[in-house]
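Q: Predicted model and sequence follow; I will ask about them next.
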Amino acid sequence: MSKQTVYTLSELSARLQVELRGDPSLQIDGLATLKSATAGKLSFLSNPRYVHQLAGTQASAVIIDPAFSENCSCAQLLTQNPYVTFAKASQLFALERAEGPGIHEKACVHPSAVLADQVSVGPYAVIAADVRIGAGTRIGAGCSIGARSSIGEDCTLFANVSLYHDVHIADRAVLHSSVVIGADGFGFAFDGKQSIKIAQLGGVQIGNDVEIGAGSTIDRGALDDTIIEHGVKIDNHVQIAHNCVVGEHTIICGCSAIAGSTTIGRYCTIGGGVGIVGHLHIADKVMISAMSLVSKSITAAGVYSSGTGLLESKEWKRNIVRFRQLDDMAKRLRELEKLTLGK
Amino acid sequence: MSKQTVYTLSELSARLQVELRGDPSLQIDGLATLKSATAGKLSFLSNPRYVHQLAGTQASAVIIDPAFSENCSCAQLLTQNPYVTFAKASQLFALERAEGPGIHEKACVHPSAVLADQVSVGPYAVIAADVRIGAGTRIGAGCSIGARSSIGEDCTLFANVSLYHDVHIADRAVLHSSVVIGADGFGFAFDGKQSIKIAQLGGVQIGNDVEIGAGSTIDRGALDDTIIEHGVKIDNHVQIAHNCVVGEHTIICGCSAIAGSTTIGRYCTIGGGVGIVGHLHIADKVMISAMSLVSKSITAAGVYSSGTGLLESKEWKRNIVRFRQLDDMAKRLRELEKLTLGK
Amino acid sequence: MSKQTVYTLSELSARLQVELRGDPSLQIDGLATLKSATAGKLSFLSNPRYVHQLAGTQASAVIIDPAFSENCSCAQLLTQNPYVTFAKASQLFALERAEGPGIHEKACVHPSAVLADQVSVGPYAVIAADVRIGAGTRIGAGCSIGARSSIGEDCTLFANVSLYHDVHIADRAVLHSSVVIGADGFGFAFDGKQSIKIAQLGGVQIGNDVEIGAGSTIDRGALDDTIIEHGVKIDNHVQIAHNCVVGEHTIICGCSAIAGSTTIGRYCTIGGGVGIVGHLHIADKVMISAMSLVSKSITAAGVYSSGTGLLESKEWKRNIVRFRQLDDMAKRLRELEKLTLGK
C-alpha cells in the first residue's frame, strides 16, 4: 500500500469512482479546505452552509454534489456524498507511517508465536507465547502482546500499546498509542474488612474495522468476554469495563466511560465525556449528548441529555441554591394553585 | 504460586475453607454464572434475586448460602458470604500471567539496584539506580522504575507502567498497564505574565494490597508525599493529584479525579467519573454517586449526588431554559405567597 | 544544571534576586510549609490567611512580603510575590532526574536523525527517520519519536511518551509519562452503513515552555495542524482533539477534554473535568469551573459554571424529579401570576 503524493484528476476520478468535470490532466498534490486551499489542492463542499466559499477558493478542484456544481468555476469531482468521497480521497494522500514489513532485530518474539507474511514488528515490541498475528499487520515500537492473544490481518498498533493475554482482535483494527486491552475488570467482593479480588477469567473480543483512540482501555471479562463488534470507532481516553458489549458501528467519543456488563446497541453515538452506569441496555441508534450521565436503560432510539447548561458563575450560584429548594417550591406552587384555582 | 485448572470439589472445599455438600470427587474445571454454566463448572448464588436460576443451572456445583441450599439439587459449597468465596475461588482458576522469575536478558537493570529472590523483570524494562524490589515481585515488559524507588513483595506491574523516582510501594500491589506514579503535581505560580513551575519535591507512598487500574495516574507531592493507604482499589483512568491522602480500603471507580491536597477517608466508595476539588476533607464511609462534583468537604458518612438525571433532549432543553430562571421563579413564587396567603 | 542540596541564605538571596534580612551564612537544606518546617528549612507565606502560623514555625527562614515582615522572628527573603519566589526556590532544590547526556547503548536511533549536543536518550527509546532534537533535551526510557518530528532545546520527555510523525515541539517542553502527541484525530464520514476513516493529514505544533501531564493526548490535525501556543500548561488525562488552538499561557486542569476545531484564548483557566464541544471560540481570560460543559462559544472574559452542586442523595432525588417538571412549573407559576396579579 505505497502512497504517491501527486495524482492527476483523472486518476482520482477513477480511484474514487466519481464523475469528473474539468481538465483530467490537472495535477493534485494534496487536500485542503475551501478557505485555505491553494493551487494544486483538492477541496470539498459537504455542508451547504459553506457554498459561498466556492466563489473565492483557490483550489484546483472540488469534490461536490452535482446540485451545487453551478456555483463552482473550477474542476469538479461529482458525488452524492462529498464527505464520504473526501474521506476516501484523504486515505490516498496519507503518508506511509510505519517501516516496511519485517521483525526488527530489537524486537522480542517468543518462538511459539506465529506471524504471517508481511507482518512488521517494531523495536522493543514484545510478542509472548502462542500469539498469532495476521498478514500485513504492523506492531509499533514498545508494544506488548500477551500470551495466546491474536491479531488479524492489516491491523496497525502504534507505539506503546499493551495487550494482555487472551485478547482477540479481528482484521483492519487501528489501535493508537497507550491503548490497553484486557486489563483486569474492576471486581472485588467485600468481606467486611477488605476487598477480595475477583480474578478476571474472561477475555476480550474485538471485531473487524475497529479503531481505538490513544490511551483508551477495554477491560477483560470476569467470566465471559468483553465484546466490541465490527466497525465500532472509539476515541481517546475511553473506558469500557468488563463484560460490556458494544454493538456494530457504534461511535464513542473521547473520555466516555461505560461501566461493567452494560450492552450498547448498534449505530449509537455516545458523545464525549458521557458516563453509562453498569448492567444497562441501550437500544440501537441512541444518541447521548456530551457529558450526560446515563443511569437507566434506554429502550428507544432518540437523543438524550443531562446537565444544566453553562451560566456565568454569579448567575449559576443563585440558581443552584434554588435547585436545592426545587421540591419545596413545587409543593408550595401546588398549595397556591389549590387556593387560587380551587383545584 | 502455580495454578492448576482442575480441582476436585473436596480440594476446593479445603482450600476455600467452606463446608461441602455432595460428591467430594466431582471434577471442577472452571467458574461460570448459573445461567451459562455447563457440566464441570462451579457457579455461585450471591444475589437472592437469581434464586430461580438454581433450578435450571447445568453447573456441577454451586457456592451458596445454607439458607438457599434447599433450592439447589446439585453439589454445594456452603458459606455465609458466597460472593467472597466466589472471589477466592476465582483466584484458584486464574491463569499464570507472567514468565517465571528471572531478569530477562533484554532488561536494563542498574548495578546499584537491589532485587530480592524470585523477582521477575520482563524484556525492555528499565530499573534505575538504587531501586529496591521485594521477593516475588514481577515487573512487566517495558516498565520504567525511577531512581531510589522501592516496590515490596509479591507485586505485579503489567507492561508499560512508569514509576518516577522516589516512589514507594508496599506489598502485593497490582499496577496495570500505562499506570504512571510520581509524575509532577500540577503546580505553578503566576508572575503576571507566565506560569513559573513549582518543582515537585515530594514523593508517593502506596500501602499494601493496593490495585491501580490501567492508565491511572498518581502525582508526586509538592513538598510532602502523596499517600495511598492499605487496601485501596483504584479503577482505570483515575487521576489523584499531588498531596492527596486516600484512606484505607477506599474504592475509586473509573475516570474519577481528585484534585490536590484533598484527604479522603477510609471505606469510601467514589463512583465513576466523580470530580473532587482540592483541599477538601471527605469523611469515612462516604459514597459519591457517578459523575458527581464534590466542591465542599463532606463531614458525615452517607450517600451524595449531583447532576440532573437524563432526559430526552427535547424535554431537557425546555427544562434547562427554566433552570436559568430558577432564582427568578423562586422570588415570584414568594411574592404570590405573600399576596395569597398573607404571609 | 547540576543541583546542590544545601545553600546559604546569601546564596539563595542572590540566586532568587530578593532582599535578605537575617544571618547570610544560615544553611538551608530544603523547603517546607510553615507548619511542617524544621530547622534548616526555608518556608514561605503566600496566603495572608496563614500569617498566624509565622509565630510557631520552626523554619530557619521564610520567603515573605515585606508587609508581613514584622510578624516573623526568623530570617527572611523579602519579595512582593512570595509564591513566585517560592516556585523559583523549589527549582533550586529539585533533584536531577535523568542520566547525564549521551545516547544509551540500548536506544534505537535512526541514522538520519539529527541530535544536537548534550542530548540524552534513555534505554529502549526509539528515534525514527529524519527526527531533529535540540541541545540539552532528554528523552526518557521507552519513548517513541515518529518520523520527521522535531523537539527543541532543553525539553524533558519522561518514560514511555509516544510522539507520532510530523509533530513539532519548541523549547523547554516537559512531557510526562504516557503522553501521546499526534495520534489521529477522530474523524469519520458515515456512508449509510459504516464509518469511513478520514486520514488525518495535519500535524501538531507545540510552543515554548509547554508542560503536558501524564497520560494526556493531543491529536494531529485533519488537514491543518493542531496548535498549542507558548506557555500553555496541561495537567494529566487531558484530551485535545484535532485542529484545536490553545492560546498562550492558558492552563488546563486534569481530565478536561476539548473537542475538534475549538479555539481557546490566551490566559484562560480551564478547571478539571471540563468538556468543551467542537468548533467553538473561547475568549481570552475565561475561567471555567470544574466539570462544566461548554456547549456555546464564550465571547467575554469571566467565570462560567454548570452543574447542580452536590446534595445528599435522598434530597437530590426529590429535586431531580422536580427538574423534569421545571418547564411545567414555570408555566403554572405564570398562570397564577395572571390570576392573582392581573398581569
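A: Looks like it arrived, so ask away.

Q: residues from the stretch 101-250 of chain A in reach of chain B?
A: A:108, A:124, A:126, A:142, A:144, A:146-147, A:160, A:162, A:164-166, A:178, A:180, A:183-184, A:186-191, A:193-201, A:215, A:217, A:219, A:222-224, A:237, A:239, A:241 (Cβ under 8 Å from any Cβ of the partner chain). Yep, even glycine has a C-beta here, placed from its N, CA and C like the rest.

Q: The residue nearest to residue A:21 when sequence neighbours are not counted: how many residues sit nearby?
A: Leaving aside its sequence neighbours, residue A:21 sits nearest to residue A:76 (Cβ to Cβ, 6 or more residues apart in numbering or on different chains; 4.4 Å). Neighbouring residues of residue A:76 were enumerated by other Cβ atoms under 10 Å in any protein chain shown; the total is 23.

Q: Surely residue A:76 is within a helix?
A: No - counting by DSSP: H, G, I helix; E, B strand; the rest coil, one finds residue A:76 to be strand, located in no helix.

Q: Who does it form a beta bridge with?
A: Counting by DSSP bridges, residue A:76 is bridged to residue A:21, residue A:62.

Q: Could I get the contacting residues of it?
A: A:20, A:21, A:22, A:61, A:62, A:63, A:64, A:69 (Cβ atoms under 8 Å, 6 or more residues apart in numbering or on different chains).

Q: likewise residue A:71?
A: A:51, A:54, A:55.

Q: Throw those into CSV and include neighbour count and pLDDT, thanks.
A: What follows is those, written out as CSV (neighbours: other Cβ atoms under 10 Å in any protein chain shown; pLDDT from 0 to 100):
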residue, neighbour count, pLDDT
A:51, 16, 93
A:54, 20, 94
A:55, 10, 92
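
Q: Now do the end-to-end distance for stretch A:143-152.
A: End-to-end distance for stretch A:143-152: 16 Å, by Cα to Cα, to the nearest Å.

Q: how far out from the middle of the chain is it?
A: 21 Å (Cα atoms, centre = their mean, to the nearest Å).

Q: average pLDDT across that stretch?
A: Mean pLDDT, computed over stretch A:143-152, is 97.

Q: Give me the contact status of it with chain C.
A: No - with Cβ under 8 Å from any Cβ as the criterion, chain C is not reached by stretch A:143-152; the gap is at least 9.8 Å.

Q: the helices in chain A, which residues?
A: A:9-16, A:53-56, A:82-93, A:313-323, A:326-341 (DSSP state H).

Q: so what secondary structure elements neighbour the second one?
A: Meaning helix A:53-56. Of the remaining helices and strands, none touches helix A:53-56 by 3 or more Cβ pairs under 8 Å, 6 or more residues apart in numbering or on different chains; DSSP states H and E.

Q: Contacts for that helix next, please.
A: A:34, A:35, A:45, A:62, A:68, A:71, A:72, A:73.

Q: could you flag which of the residues you listed are buried?
A: Neighbour counting by 16 or more other Cβ atoms under 10 Å in any protein chain shown classes A:34, A:45, A:62, A:68, A:72 among the contacts of helix A:53-56 as buried.

Q: Narrow these to those in strands?
A: Counting by DSSP state E, these place residue A:62 in strands.

Q: need the buried ones among the contacts of helix A:53-56 in a markdown table with distance to residue A:326, can you?
A: Below are the buried ones among the contacts of helix A:53-56 laid out as a markdown table (distance: Cβ to Cβ, whole Å):
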| residue | distance to residue A:326 |
| --- | --- |
| A:34 | 48 |
| A:45 | 47 |
| A:62 | 53 |
| A:68 | 50 |
| A:72 | 54 |
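
Q: which one among the buried ones among the contacts of helix A:53-56 gets closest to chain C?
A: residue A:34 (10.9 Å; Cβ to the nearest Cβ).

Q: Can you pull the residues of the stretch 151-300 of chain A lying near chain C?
A: A:158-160, A:174, A:176-178, A:209, A:211, A:213-215, A:231, A:233, A:235-237, A:249, A:251, A:253-255, A:272-273, A:290-291.

Q: just the helices of chain A: most buried one?
A: For these, the largest average neighbour count (mean count of other Cβ atoms under 10 Å in any protein chain shown) is found in helix A:82-93, namely a mean of 21.

Q: The nearest residue in space to residue A:279 that is not next to it in sequence: how many residues sit nearby?
A: Closest residue in space to residue A:279, ignoring its immediate chain neighbours: residue A:261 at 4.8 Å, by Cβ to Cβ, 6+ apart. Residues near residue A:261, counting by other Cβ under 10 Å, number 19.

Q: What of the one 3 residues further on?
A: Close neighbours of residue A:264, defined as other Cβ under 10 Å, add up to 27.

Q: show me what contacts it?
A: Residue A:264 touches A:244, A:245, A:246, A:247, A:250, A:258, A:270, A:276, A:282, A:286, counting by Cβ under 8 Å, 6+ apart.

Q: close enough to count as contact, the third one and residue A:232?
A: Yes - the pair residue A:246 / residue A:232 is scored as a contact, 5.2 Å apart, by Cβ atoms under 8 Å.

Q: and for the two, which residues touch both?
A: With Cβ under 8 Å, 6+ apart as the test, residue A:246 and residue A:232 both reach residue A:252.
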